[in-house]
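J.: output the structure for:
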Amino acid sequence: MKKTKLGEFEELVLLTVAALQQDAYGVEIKRELESRLKEKLSVGSIQSALKRMEDKGFLTSQFGEATAKRGGKRKRIYATTSHGRKVLEEMKDIRTQLWSAIPKLAFELKAI
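T.: As a prediction, this is how the structure comes out:
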């Protein structure tokens, strides 16, 4: 695995962007994460994570169309890059391997 730093919160934000696809903009990402985590999150924490991951090449963003509903403001819509999707797959594989190893590790620890 390439040495890429992806914290737990960043991983959750990146997964949320991948799941929301064309609806992956700040407020919707926040809403989805709050719903799944059952806790309140600050907009700033999400925006910081999005910026860090865009700088790392895991995400891209572009502005959507201006809408009257938003007072003429445009949404910044995020999308995962192929590198971001690869990192998510690597993280999933590592977690799956570790979960699969739990009974074996537990058994080995009892033998000590």
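J.: residue nearest the centroid of this protein?
T.: Centrality entry for the chain: nearest residue to the mean C-alpha point is L14, 1.8 Å, by Cα atoms, centre = their mean.
J.: wait, what's in contact with that one?
T.: Contacts for L14 (Cβ atoms under 8 Å, 6 or more residues apart in numbering) come out as 6, 53, 58-59, 80, 84, 87-88. C-beta: built from backbone N, CA, C; applies to glycine.
J.: quick one: the strands in this structure?
T.: In the chain, the strands defined using DSSP state E lie at 59-66, 74-80.
J.: tell me which of those strands is the most buried.
T.: strand 74-80 (a mean of 19; mean count of other Cβ atoms under 10 Å).
J.: for it, what is the average pLDDT?
T.: Average pLDDT, strand 74-80: 93.
J.: and it, what does it pack against?
T.: Contacts defined by 3 or more Cβ pairs under 8 Å, 6 or more residues apart in numbering; DSSP states H and E place strand 74-80 against helix 8-20, helix 26-37, strand 59-66.
J.: tell me the most buried of the ones you listed?
T.: Highest mean neighbour count among the helices and strands packed on strand 74-80 (mean count of other Cβ under 10 Å): helix 8-20, with a mean of 19.
J.: how about the contacts made by I29?
T.: I29 neighbours (Cβ under 8 Å, 6+ apart): 13, 16-17, 20, 46, 50, 78.
J.: okay, those residues in CSV with distance to L33 next?
T.: Output for the contacts of I29, formatted as CSV (distance: Cβ to Cβ, whole Å):
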residue, distance to L33
V13, 7
T16, 6
V17, 10
L20, 10
I46, 7
L50, 12
Y78, 13
